[in-house]
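1. Please work out how this folds:
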Amino acid sequence: MTENQTWVTEFILLGFPLSLRIQMLLSGLFSLLYVFTLLGNGAILGLIWLDSRLHTPMYFFLSHLAIVDISYASNNVPKMLTNLGLNKRKTISFVLCTMQTFLYMAFAHTECLILVMMSYDRYVAICHPLQYSVIMRWGVCTVLAVTSWACGQKGVLALVHVVLILRLPFCGPHEINHFFCEILSVLKLACADTWLNQVVIFAASVFILVGPLCLVLVSYSRILAAILRIQSGEGRRKAFSTCSSHFCVVGLFFGSAIVMYMAPKSRHPEEQQKVLSLFYSLFNLMLNPLIYSLRNAEVNGALKRVLWKQRSK
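-> Model prediction:
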């Protein structure tokens, strides 16, 4: 293999091969959704910071989820919006593409772990309420949050994916049929056997998707059993309302990711995979603050208190 065949300086992101008018409409729509994602998650962070009643472990983990969602969206969406706009040169350098892939995997891993921590917090709150303040003390919460970030951002799995990509030769064409450097789309451009990469991706999906999802399901099966034992109808309603919001977020994130990376690829053509990627790279992240705010009386109460303070000034 010659040197000019193995070294790639840039890729072309094909994005959505649609007419210019539709691309401009999508650019406006996705820009609006991106702004909503930033504002919604930013509002969650602001409310938790400003309202002392939200200074609890549950909202401590929710604030970390909001930070992950903002970072996750900002890694992929701005480049997609640039390519959907008037930019005719839809290229990305090999270095930036590799970095985008690494951050994409790292933030995904972090989000999975944060969701597990949130489910554990709800399990302790409902199944062991008398011991909650002891088990979920601030030192423990801090360790759990730092561990989630450390395992995601400096984790071995994301680094292994990148190292395995770097060893592959890319002989051309250099057109990625996606709106960002999604790992499966990048691998299709390699002119070498990617069997090892595929095996590692599947193994990582089992470890970082199926494993945490099983932990979440175990927590929520016990939570459901505990809720059904609550005598008070109001108590059952409050507990179920709080947990159902988190379970909706878990279902949307893990469901779309598992379909994307573990379902047989023959059932999901490339265009369908792009839509799935768009769903958990943008729509999920925009829906998270809406789900938590619309179905959470404490968040709504905090918002009213903050707005009332602003009016009183």
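
2. need the strands for the protein, in chain order.
-> 10-13, 91-93, 175-176 (DSSP state E).

3. Tell me which of the ones you listed sits nearest to Glu182.
-> strand 175-176 (7.7 Å; Cβ to Cβ). No exception for glycine: its C-beta is placed from N, CA and C like everyone else's.

4. Please enumerate residues in contact with that closest one?
-> Phe11, Ile12, Leu13, Leu14, Cys97, Glu182, Ser185, Val186, Leu189 (Cβ atoms under 8 Å, 6 or more residues apart in numbering).

5. can you do 10 Å?
-> The contact list for strand 175-176 (Cβ atoms under 10 Å, 6 or more residues apart in numbering) reads 11-15, 90, 92, 97, 182, 185-186, 188-189.

6. in its sheet, what does it sit against?
-> Strand pairing for strand 175-176, using DSSP bridges, gives strand 10-13 (parallel).

7. Quick one: the strands of the chain as TSV, columns for mean pLDDT, distance to Ala150 and mean neighbour count too.
-> Listed next are the strands of the chain as TSV, based on pLDDT from 0 to 100; distance: least, Cβ to Cβ, whole Å; neighbours: other Cβ atoms under 10 Å:
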stretch	mean pLDDT	distance to Ala150	mean neighbour count
strand 10-13	88	30	18
strand 91-93	88	28	15
strand 175-176	88	30	18
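
8. Ile48 against Pro289, yeah?
-> No. In this structure Ile48 lies outside contact range of Pro289 using Cβ atoms under 10 Å: 11.3 Å.

9. Give the residues shared as contacts by the two.
-> Joint contacts of Ile48 and Pro289 (Cβ under 10 Å, 6+ apart) are Leu62, Ala66, Val299.

10. How many residues are close by Ser256?
-> Ser256 is flanked by 19 other residues according to other Cβ atoms under 10 Å.

11. Please list all residues in contact with it.
-> Applying Cβ under 10 Å, 6+ apart to Ser256 gives the contacts Val275, Leu276, Ser277, Leu278, Phe279, Tyr280, Ser281, Phe283, Asn284.

12. Ok, Ile223 next?
-> 119, 122-127, 239-240, 242-243, 246-247.

13. Look up the pLDDT of it for me, please.
-> For Ile223, the pLDDT comes out at 87.

14. how many neighbours does the closest residue to it other than its chain neighbours have?
-> Using Cβ to Cβ, 6 or more residues apart in numbering and skipping residues adjacent in sequence, the residue nearest Ile223 is Ile126, 5.1 Å away. Ile126 has 23 neighbours, counted by other Cβ under 10 Å.

15. between Ile48 and Pro289, which one's more packed in?
-> Taking other Cβ under 10 Å, Ile48 and Pro289 do not tie; Pro289 has more neighbours (25 against 21).

16. surely that one meets Leu303?
-> No. Pro289 is beyond contact range of Leu303, at 11.1 Å (criterion: Cβ under 10 Å).

17. which residues of this protein fall in helices?
-> Using DSSP state H, the helices found in the chain span residues 3-6, 20-50, 57-84, 94-127, 132-135, 138-153, 156-166, 183-187, 195-205, 211-229, 233-262, 270-278, 284-294, 297-312.
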